[in-house]
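Novice: Pasted the sequence and its predicted model underneath.
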Amino acid sequence: MSQDTVNIRILDKEYQVSCPPDERNALLQAARSLDERVRTIRNSGGVIGLERIAIMAALNLTYELSKVENQTASDSISQQVIEKLDNKVSAALQSFEQSATF
């Protein structure tokens, strides 16, 4: 698949990033979101230095991603439990219907 070069700006600095053409908009949105986050961290005054700001933004994003992944895993486990219960109830009903017929 071909790659496009996309120019993104984060903290007024331009970067060139390669990505597939169909992912261009998602990359631009991610860059805007990251720019907002690093600006918020920088403007808070609690973190000094571009490297530290970038690390804090990465840490915050990673933490949020892990929360989403944990929730998704929990939802998946819940869905599996529901499916097992549904199967047991269906089997019990089927067994009951068969015994009631005779």
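Specialist: In hand now; what should we look at?

Novice: Mind naming the longest helix for this structure?
Specialist: helix 50-101 (DSSP state H).

Novice: and that one, what other elements does it pack with?
Specialist: When contacts are defined as 3 or more CB pairs under 8 Å, 6 or more residues apart in numbering; DSSP states H and E, helix 50-101 sits against helix 24-44. Glycine gets a C-beta too; all of them are placed from N, C-alpha and C.

Novice: if we look at the helix it packs on, which residues are touching it?
Specialist: 4, 6, 8-11, 17, 19, 47, 53-54, 56-57, 60-61 (CB atoms under 8 Å, 6 or more residues apart in numbering).

Novice: and the angle from the one helix or strand in the chain whose mean pLDDT sits lowest to helix 24-44?
Specialist: Least confident helix or strand of the chain, by mean pLDDT, DSSP states H and E, is helix 50-101 with a mean of 78. Calculated by axes from the mean of the first three to the mean of the last three CA atoms, to 10 degrees, helix 50-101 forms an angle of 120 degrees with helix 24-44.

Novice: ok, which pair from the contacts of helix 24-44 is furthest apart?
Specialist: Using CB to CB, the contacts of helix 24-44 span at most 32.8 Å, a distance reached by Asp4 and Val47.

Novice: For the two, indicate the residue with more neighbours.
Specialist: Using other CB atoms under 10 Å, the more surrounded residue of Asp4 and Val47 is Val47, with 17 against 13.

Novice: Surely that one is in contact with Ala54?
Specialist: No - using CB atoms under 8 Å, Val47 is not in contact with Ala54; the gap is 9.7 Å.

Novice: Kindly state the pLDDT recorded for the residue lying closest to Ser2 once chain neighbours are set aside?
Specialist: Nearest non-adjacent residue to Ser2, counting by CB to CB, 6 or more residues apart in numbering: Pro21, 6.6 Å away. The pLDDT attached to Pro21 in the predicted structure is 93.

Novice: repeat for the one 3 residues further on
Specialist: In this model, Arg24 is scored at 93, pLDDT.
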